[in-house]
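# the following comprises the amino acid sequence and a computationally predicted model.
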Amino acid sequence: IETKGNTGMGKSSKSTAKKVPNEKGENEGNKEFLKEKEKSAANNNNFYGIAAFASIVVILLAYHFSSMNQTEGEGVFDGRGSYAKEYIRYDWVKGSVPVLVLNQEEEFAAKISSSLEPVILRNTSVLRWRAMGLWNPEYISKTSPNLHNVQRHSDKTFSYFQEHRPLSSLPSVQKTYKGTTYQKINMSASDFFSAFHKTPPYHYYTASAEDLGQAYHDLFPIEGLMVKGSQWKKESSYAHRWTNIWFGPAGATTHTHYDISHNFYTQVYGTKRFVLFSPNQTENLYLYPVLHPGGQQSQVRFESPDYKMFPKFIGAKAVEAILHPGDVLYLPPLWYHHVSALTPSMSVSVWTRFPEVQRMWAAEKLPLPFKKGWSQKRIAMSGRVFLEMLLDTILQKATSPDFVNNLLESRFNSLIASGALIQKANPRFDRVKEGEETISFCVADLFPEAEEEVIEKEGPVFHDFVEERADFFDSITDVHRRDIWLGNTVEQLVLTVAGVDNIVNFLRDFVRC
């Protein structure tokens, strides 16, 4: 039966597998729930008339209880008589991720991932994992008694602070952002699970699955969750994937962000909710700059969105996925996701490489056409010319100032307005006078007539460097993913030519003068 999934946004998904309702709510028992799913899958081809009648009854009952939820405001009914109190209704959720029932095939990742659209998979090979019948707090406490680098946070929403990002060194960022992120501590597994019932503070554990020791071997077969590249070999399968575990209490939430790999995400214990945004929602989500320690995350807080600070978020559109034990969510690279545990939860993600990422990393490593011995002003002027040439070549119809202005509006302006990102003049530029707060990167101030000189002398060389980079961007089939990568590239280039203290100044002057 060919079906279409109602994603509420973007393309529809097609499959020859059967579509089933996307259940919502709380898991009442791991083993019992899995047995029900396996029994249902085994009888898929029997008693079609009865199944059709039962489906109608289920749909009517689901509609009835859904209406009750909306009236009572108690959360989401899970079809087994209980409510998930952690379920919050969001106006921006416009649809559900489609569900496909498979036949426990060994290989499905390549076909599913080819559309780069999210989908929930049921009756997959993960039902053969020992973890599905074994994993619970008691079992993990016994097999992995000590947990290292547990995340601890006073708030249930966890955001990260990446020390290696260049803007992390700025005092304004340290002051306003670092305190909003989690700390890491070591705990015994028994204390960790006991803390689930004593929130806040909230504790969340994510680590490589190998760190679990004995319990790691409960996660096989795993190859079916891998999108395998041309270099893949079964005997070195582990070298081509990253397998992570995610343990947390009801309410624990990972803030909206994107990742850059294929992700087949398996729910092992409990119930979890994903709110997903397509890359075409980037402008509505107001990302942190990629150079910021919160890079790849949205600045918008779901708990209390500030529509004055983030006006475009009112137009955001998302879809949701509710995962029960045995469910596998395919999460495409560069799709934004906000993840919350509706009950105490254990999950496993299997990441594999997305070739587009390797191409963009290769582009980042390309040398820039600046000569040794040039002054900082000459480099800054050349950077302006090179950036304009690069953007005009890649964007074609759009102008380079428009793209940079949009980058400022979506990533930087809210941080500047709130005082979360303060940039002052860098003394290495010799035009800075005593008492000046900022410097100018306008053409006339950088070097009189320098633009014409740079274009005349360096233009042909710049052109070759631009074309080499543009080839990487031309290979990206989706314009919204391309613009995410291009925005990151612009930030990296400006960091090189203007320094960490002058990124916003450079971007603003690129637009206005």
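Sure, I can see it. Fair warning: this is a prediction, and the values are worked out from it, not measured in the lab. Numbering: from 1, shown residues only.

# isn't there a strand covering Gln267?
Yes: judged by DSSP: H, G, I helix; E, B strand; the rest coil, Gln267 forms part of a strand.

# distance of it from Phe274?
10 Å (Cβ to Cβ, to the nearest Å). The C-beta positions use only the backbone N, C-alpha and C, and glycine is treated the same way.

# looking at these two, which one has more neighbours?
Gln267 (26 against 22; other Cβ atoms under 10 Å).

# give me the pLDDT for the closest residue to that one other than its chain neighbours.
Of all residues not flanking Gln267 in the chain, Leu323 sits nearest, at 3.9 Å (Cβ to Cβ, 6 or more residues apart in numbering). Leu323 is assigned 97 on the pLDDT scale.

# how about the one 3 residues further on?
The per-residue pLDDT reported for Gly326 equals 97.

# what is the neighbour count of it?
Quick note: Gly326 (other Cβ under 10 Å) scores 23 neighbours.

# kindly report the same for Phe510.
Every residue meeting other Cβ under 10 Å relative to Phe510 is counted, giving 25.

# any idea how far Gln281 is from the residue lying closest to it once chain neighbours are set aside?
Taking Cβ to Cβ, 6+ apart as the measure, Phe510 lies nearest to Val404, with 5.3 Å between them; neighbours along the chain are not counted. As judged by Cβ to Cβ, Val404 and Gln281 stand 21 Å apart.

# residues in contact with the residue nearest to Phe510?
Residues near Val404 by Cβ atoms under 8 Å, 6 or more residues apart in numbering: Leu391, Val490, Leu507, Phe510, Val511.

# which SSE is immediately downstream of the helix or strand hosting the first one?
This points to Leu391. If you go by DSSP states H and E, Leu391 is part of helix 376-395. Going down the chain from helix 376-395, the next helix or strand is helix 400-407, by DSSP H and E.

# from the contact counts, what lies against the following helix or strand past that following helix?
Using DSSP H and E, the helix or strand that follows helix 400-407 towards the C-terminus is helix 413-418. Applying 3 or more Cβ pairs under 8 Å, 6 or more residues apart in numbering; DSSP states H and E, we find helix 413-418 packed against no helix or strand.

# what sits up against helix 413-418?
Thr176, Tyr286, Tyr288, Pro289, His292, Gln299, Met309, Phe310, Ala420, Leu421, Ile422, Val504.

# make a markdown table out of those and add distance to Lys365.
Shown next, in a markdown table, are the contacts of helix 413-418 (distance: Cβ to Cβ, whole Å):
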| residue | distance to Lys365 |
| --- | --- |
| Thr176 | 32 |
| Tyr286 | 29 |
| Tyr288 | 23 |
| Pro289 | 21 |
| His292 | 22 |
| Gln299 | 29 |
| Met309 | 36 |
| Phe310 | 34 |
| Ala420 | 31 |
| Leu421 | 27 |
| Ile422 | 31 |
| Val504 | 26 |
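
# which of those residues are buried?
Thr176, Tyr286, Tyr288, Pro289, His292, Gln299, Phe310, Ala420, Leu421, Ile422, Val504 (16 or more other Cβ atoms under 10 Å).

# pick the one among the residues you listed closest to Pro221.
Distance to Pro221, by Cβ to Cβ, is smallest for Tyr288 among those, at 37.9 Å.

# neighbours of the nearest residue to that closest one once chain neighbours are set aside, just the number please.
For Tyr288, ignoring the flanking residues on the chain, the nearest one in space by Cβ to Cβ, 6+ apart is Gly294 at 4.0 Å. Gly294: 27 surrounding residues under other Cβ under 10 Å.

# use 265 as the first number from now on
In the new numbering, first residue 265, that becomes Gly558.

# what helix or strand is Gly558 located in?
Counting by DSSP H and E, Gly558 is found in no helix or strand.

# picking up where we left off before, got a pLDDT number for the residue nearest to Phe774?
97.

# neighbours of Tyr466, how many?
24.

# quick one: the strands in the stretch 365-514 of the chain?
Taking DSSP state E, counting those that start in this stretch as the criterion, the stretch 365-514 of the chain carries its strands at 383-386, 410-417, 421-422, 447-452, 466-472, 505-512.
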